[in-house]
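K.L.:
Based on what follows, work out the 3D shape:
(2 chains)
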Amino acid sequence: MIESFSPLTRRVLAVGLLVLALLLAVQIFSLAAAAVGTALGRLEDSRFALARIEAVRARPLPPRAPPLPPGQFLQADSHDTATAAAAGRIRTAAGASGVTLEGMTAVPADPANPRLVRISLAARAPEPALLAFIQAVERDDPPLRLHAWSIARTPGAPELVLQASAVVAWSPAQ
Amino acid sequence: MSAASALGDQAGQFLRWWGGELAALVPEAILARRKPKPRSDIKIGPEGITIDRVEQGLGERYGESRPIEALDEDAWAELGGVIAGTRPRIVLGVPDIYVASLSLPAAARGRLNAAVSLHLAQVAPLDPSLLVWTAIPGPAEGGRISVSIAMARAARVAELQGLFGDHGLPIPSIAAECPDGPVELQRSGAGAAGGDEARANRIAIAGAALLLLSIPFTTVAGAWLLSGMAEGEAERISRDIAPRLIAERKAERDGELRRALAVVYAHPAATATVEALALGVPDTDYLESAARAPDGTLQAFVDSANGDALRGALAKAPLQPVLEGGEAVPMEERPGRVRVELRSVGR
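P.N.:
Numbers count the residues shown, from 1 in each chain, chains lettered A, B, ... in the order given. Predicted coordinates:
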């Protein structure tokens, strides 16, 4: 059959076949390289995972600590829920004591102390009401404490101004 | 003739055609650089032997008037010297060679050897199994092709090759003298040492190629096996350490909670401090302001009637941390009273 073609056609055919053969060889080589790469990648991954898990097994067990009494912290699903609960307690105390809350801001969670809720607040009231408010905020369990605070008289007015940072611990349900 | 051999025939023909076409593309300049291997054509006739030695395009002719069977040891040694370092080839002429012609359909060209072997019995003077032969295709005409078949007795070929082997010379290949030049009949005889060596070489090369090609497969298989083992081991360990991971997570959560509680309980409750301050100040004095810094430091300003009395009263108050009075500064706006700054001590 090939003899029926012109010499030029035969030459072109031969070169075309050579190119096809080379492309096929490259394709096969790259397929093999990809398969080898995948297999070696999986081996590396599994060895890394094994080394990691062996390191976990080798580290010392955590020391046994006495359990924490559940009344010491808010039980909440998240930092936000805990913040909302603490803010609610502060608002309730303010309402009960007749204190005007001038501002209340939740401080974003500190990655170094993720189970602590901090709320900055400012309140204004006559002295007895303000003292009752502080007492009401700090009275119940779990303990909500005014960590840092300042109380000052307002010149020419019978009211005191309180600025404080309230803190409470929280933990998800165990 | 089996289908497999026909296929092999066709594949061989295709490869020869393809190789030929590609070789024709190689520039002359490159081909000219390749030095052809020296060769010796040993022409054996009834009257004597002629050896044409061709080396680097230069030919030399040696003659021997005795038939090959009549050569003595000295003559064989001389012949060995002449063909040394060349590729020897015995070129047989009449009467060792018999040439017959066949006319075949042009379609048979693709599987010439198979077609000729079918018709060989009709044209050969001997049983084809006693012959070595080669088919030389001629021009095609009117849908048919004429084929010349050069044949020699296999026994004669073996005998001649055996003579060379007996005298410790390389076994020559066999060619038939044809009008267009010698045509190879049979490569250095089957079963001869040269053939064995060539076959061993081919097997070694094929084996090496197979080993090279197997590298990806063995690598993939080995990596698959090893990763399977590592994954199994990791799974076993992770089952073993599951309880300790739970304990570690709980210990970590407890640690975080203890850090938070440490801040909550860092200082006494503000209620207690404020009340103690209010109660600790004498009735004649007023608290102007009080503050606790994050580090627990207390600071207060007291509008006092008597600084000494204030300090004395504070010393008795149940205050934590203990407050110490600073200097009493007379207040300009309220004559007779002093302002005292109180600061915590011991922190």
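K.L.:
From chain B, how far off is the residue nearest to A:Asp140 when sequence neighbours are not counted?
P.N.:
Of all residues not flanking A:Asp140 in the chain, A:Arg89 sits nearest, at 7.3 Å (Cβ to Cβ, 6 or more residues apart in numbering or on different chains). Using the backbone N, CA and C atoms, a C-beta is placed for each residue, glycine as well. Taking Cβ to the nearest Cβ, to the nearest Å as the measure, A:Arg89 falls 14 Å from chain B.
K.L.:
Can you tell me the number of residues neighbouring A:Arg89?
P.N.:
Look at A:Arg89: counted by other Cβ atoms under 10 Å in any protein chain shown, it has 20 neighbours.
K.L.:
And chain B, is stretch A:103-114 touching that?
P.N.:
Yes: applying Cβ under 8 Å from any Cβ of the partner chain, one finds stretch A:103-114 in contact with chain B at A:113-114.
K.L.:
What lies in contact with that stretch?
P.N.:
A:79, A:83, A:87, A:90-91, A:116-122, A:165, B:256, B:259-260, B:263 (Cβ atoms under 8 Å, 6 or more residues apart in numbering or on different chains).
K.L.:
how about a cut-off of 7 Å?
P.N.:
Outside of stretch A:103-114, the residues within contact range by Cβ atoms under 7 Å, 6 or more residues apart in numbering or on different chains are A:79, A:83, A:87, A:90, A:116, A:118-122, B:256, B:259-260, B:263.
K.L.:
With stretch B:223-233 instead?
P.N.:
Contact partners of stretch B:223-233, identified using Cβ under 7 Å, 6+ apart, comprise A:39-40, A:42-43, A:46-47, A:50.
K.L.:
on that earlier part again, wait, which of the contacts of stretch A:103-114 is closest to B:Glu78?
P.N.:
Using Cβ to Cβ, B:Glu256 comes nearest to B:Glu78 of the contacts of stretch A:103-114, at 103.0 Å.
K.L.:
Could you find the closest non-adjacent residue to the closest one?
P.N.:
Once flanking residues are discounted, B:Glu256 sits nearest to A:Arg115: 4.5 Å by Cβ to Cβ, 6+ apart.
K.L.:
Show the contacting residues for B:Thr219.
P.N.:
Residues near B:Thr219 by Cβ under 7 Å, 6+ apart: A:36, A:39.
K.L.:
element containing it?
P.N.:
helix B:193-264 (DSSP states H and E).
K.L.:
Could you check how far the nearest residue in space to B:Pro105 that is not next to it in sequence is from B:Ala100?
P.N.:
Of all residues not flanking B:Pro105 in the chain, B:Arg144 sits nearest, at 6.0 Å (Cβ to Cβ, 6+ apart). Per Cβ to Cβ, to the nearest Å, B:Arg144 is found 16 Å from B:Ala100.
K.L.:
same thing with A:Gly95?
P.N.:
Per Cβ to Cβ, A:Gly95 is found 125 Å from B:Ala100.
K.L.:
Between these two, which has more neighbouring residues?
P.N.:
Taking neighbours as other Cβ under 10 Å, A:Gly95 and B:Ala100 compare with B:Ala100 leading, 17 against 12.
K.L.:
Now the more buried one: closest residue in space, sequence neighbours ignored.
P.N.:
B:Val123 (4.0 Å).
K.L.:
Quantify the burial of the one you found by counting its neighbouring residues.
P.N.:
B:Val123: 16 neighbours (other Cβ under 10 Å).
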